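Colleague: The sequence and its predicted three-dimensional model are supplied below.
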Amino acid sequence: MRAQKVADRPSARLLGTFVLLLFLGACSLGGRPADAPLPRTEGVYKLGDPYVINGRWYRPRFDPAYEAVGIASWYGDPFHGRRTANGEIFDKNRLTAAHPTLPLPSLVEVTNLETGRRLVVRVNDRGPFVGGRLIDLSEAAARELGFREQGLARVRVRFLRLAEDARGRPPRPQPARPRDPRSAPPTAVAGETGPQEVRRCDEAATAFYVQLGAFRQMARAREVARRLRGLAPIRFESATRGDRLLARVVLGPIASEPVARSILDRVRRMGYPEAFVSARGRGAVPCLAGGLSTFG
């Protein structure tokens, strides 16, 4: 009898293990895979007050004409399942994004300027706050735009509209902030078409630029710059396309986004329809700040 009991014990243990595995297998089949999308949660409309991160001020603003060019990054696992700034749940498998100033939640079009791929994403979080980056995309969005492996990409972000499925009162578009009459008067500098108002870009959180395009010949770039003389400060930046070195014509820095967009409208009417506005980090150089009427 003892020998029989000893022989039966391993069989009983094997049978118990087999039943347990079947139970766990059934649970895994009926549960959600670890990488499956998280349940959707309803967020709230949010704009928010100005705030400071790492010594830099960010001023949320609802600008229906918002369009900017900058560097995109992406975020995934460390934030997967956490609450976003407007109360939604961040899901790395959905097409969402974080932006430091746009209203939440909103829909924007993101274009990878290196590949031409375009994607509409939902902005429901705040960030990024490092390296002067423009937008932080979910892992799925980065994959769709083709830069998940590289980590960073140069993109254009264009506001489309507010999302329509949030709680609370939607924010309203905000007009451009007028200059404070109590502040020091701007410095007048001589321009080819008359005086232009300037102030230092380190007074503003962001400087804006109007970028025309890149030219194979420097002589052509200088010809374009001569045509645009007087609209704003002009600079040349080097760019590469394959193994070819190009010269990029850029107007700026410009302290005010409305002024930058006014210049953009005039530049496009002058025959440069592909021109666009880009936003970059705080500068420390003289920066155009007046209205279009000051350009002569």
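Modeller: Structure received. Residues are numbered from 1 along each chain as shown.

Colleague: residue nearest the centroid of this structure?
Modeller: Centroid-nearest residue in the chain: Ile135, 2.5 Å away (criterion: CA atoms, centre = their mean).

Colleague: mind listing what that one touches?
Modeller: Ile135 sits next to 70, 72-73, 97-99, 108, 110, 123, 128, 155, 157 when contact means CB atoms under 8 Å, 6 or more residues apart in numbering. Heads up, the C-betas are built off the backbone N, CA and C, glycines and all.

Colleague: Also Val249?
Modeller: So Val249 contacts 211-213, 215, 221, 224-225, 228, 234, 236 (CB under 8 Å, 6+ apart).

Colleague: ok, what's across the strand from it?
Modeller: Gly213, Phe236 (DSSP bridges).

Colleague: measure it to Arg83 for me?
Modeller: Separation of Val249 from Arg83 (CB to CB, to the nearest Å): 44 Å.

Colleague: One more: Leu264?
Modeller: Relative to Arg83, and taking CB to CB, Leu264 is found at 37 Å.

Colleague: okay, the two: which has more neighbours?
Modeller: Between Leu264 and Arg83, counted using other CB atoms under 10 Å, the more crowded position is Leu264 (21 against 13).

Colleague: what about the more buried one, which SS state?
Modeller: Under DSSP: H, G, I helix; E, B strand; the rest coil, the three-state class of Leu264 is helix.

Colleague: Use 18 as the first number for this chain going forward.
Modeller: Got it, first residue is 18 now, which makes that one Leu281.

Colleague: That one is in contact with Ser295, isn't it?
Modeller: No: the criterion here is CB atoms under 8 Å, and Leu281 misses it with Ser295 at 10.4 Å.

Colleague: shared neighbours of those two, which are they?
Modeller: Taking CB under 8 Å, 6+ apart as the contact rule, Leu281 and Ser295 both touch Val227.

Colleague: Tell me where the stretch 68-217 of the chain has strands.
Modeller: Remark: strands assigned in the stretch 68-217 of the chain by DSSP state E, counting those that start in this stretch are 68-70, 73-75, 84-92, 113-115, 123-129, 135-142, 152-155, 170-179, 204-206, 213-217.

Colleague: and the third one, what does it pack onto?
Modeller: Secondary-structure packing of strand 84-92 (3 or more CB pairs under 8 Å, 6 or more residues apart in numbering; DSSP states H and E): strand 152-155, helix 156-162, strand 170-179, strand 293-297.

Colleague: Could you check how far the residue nearest to Arg100 when sequence neighbours are not counted is from Asp153?
Modeller: Distances taken as CB to CB, 6 or more residues apart in numbering place Ile106 nearest to Arg100, at 6.5 Å, with adjacent residues excluded. According to CB to CB, Ile106 stands 16 Å off from Asp153.
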